[in-house]
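**Student:** I would like to see how this sequence folds:
(2 chains)
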Amino acid sequence: DAGVIQSPRHEVTEMGQEVTLRCKPISGHDYLFWYRQTMMRGLELLIYFNNNVPIDDSGMPEDRFSAKMPNASFSTLKIQPSEPRDSAVYFCASSLTGDGEKLFFGSGTQLSVL
Amino acid sequence: GQNIDQPTEMTATEGAIVQINCTYQTSGFNGLFWYQQHAGEAPTFLSYNVLDGLEEKGRFSSFLSRSKGYSYLLLKELQMKDSASYLCAVRKGGYNKLIFGAGTRLAVHP
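**Tutor:** Reported below is the predicted structural model:
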């Protein structure tokens, strides 16, 4: 298996622009997670899905952030409009089940908002 | 709420043993993970403890005491490639929701 695939690897954009991050989980995994990592706050859970349904979005910073999972093999995280404080590495992860199964992380998207 | 504490940085010598501690205070505790993250890379799974005691896996071992809200990761026979950040993560509730600590940056020197 190719593992969790994220795109793009790097994104540089200007403040106010829309940013869309993409993720393809490992085939057969029922859970998908979006995390954000910064030096100041470490690795923070933004939202996670079970069988394409959002279960917990309490970590989403504000209304500028939205996430979708239209099918079992694809998810997006959108920021509109983007701000400099959104600069971070965004990781997508998936797990087989929710019962203590380990998370497999993608390589991340390094986002820089100027 | 939840609080997960780890030392920020540690240094050790190649071939030695190092113990990285993690303390936590959280409601709905349902297991503890350790992940390794090399600079510029994604976190990778090391261990999972849900019951009290020691789990050994090669050079790495992880210990959990639920009554004390305490875990440690033990790395033996340190190698240069073990230089990385080590993240303690608490699983909350019935789903696989993980809350991560800030991580411990380990530097292994010759």
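**Student:** Hmm, residue A:44 is touching residue A:35, no?
**Tutor:** Yes: counting by C-beta atoms under 8 Å, residue A:44 does reach residue A:35; the two are 6.3 Å apart. Where C-beta positions appear, they are placed from N, C-alpha and C, glycine not excepted.
**Student:** Can you show me the helices along chain A?
**Tutor:** Ranges of helices in chain A, per DSSP state H: none exist.
**Student:** Can you get me a residue count around residue B:40?
**Tutor:** By other C-beta atoms under 10 Å in any protein chain shown, the residues close to residue B:40 number 9.
**Student:** pLDDT value on residue A:99, please?
**Tutor:** Note for residue A:99: predicted pLDDT of 67.
**Student:** Up against chain B, what does chain A have?
**Tutor:** Applying C-beta under 8 Å from any C-beta of the partner chain, we find that chain A lies next to chain B at A:31, A:33, A:35, A:42-45, A:48, A:50, A:55-56, A:91, A:95, A:97-108.
**Student:** List buried residues within those.
**Tutor:** A:31, A:33, A:35, A:42-43, A:45, A:48, A:50, A:55-56, A:91, A:95, A:98, A:100-108 (16 or more other C-beta atoms under 10 Å in any protein chain shown).
**Student:** how about residue B:81, secondary structure?
**Tutor:** Applying DSSP: H, G, I helix; E, B strand; the rest coil to residue B:81 yields a three-state assignment of helix.
**Student:** Tell me how many other residues crowd it.
**Tutor:** With other C-beta under 10 Å as criterion, residue B:81 counts 8.
**Student:** Kindly state the beta-bridge partners for the residue most central in space within chain A.
**Tutor:** The residue lying closest to the centre of chain A (C-alpha atoms, centre = their mean) is residue A:34, at 3.1 Å. As for beta bridges, residue A:34 partners with residue A:47, residue A:92 under DSSP bridges.
**Student:** Residue B:108 too?
**Tutor:** Beta-bridge partners, per DSSP bridges, of residue B:108: residue B:12.
**Student:** residues contacting residue B:49?
**Tutor:** Applying C-beta atoms under 8 Å, 6 or more residues apart in numbering or on different chains, we find residue B:49 in contact with B:31, B:32, B:55, B:62, B:63, B:64, B:71.
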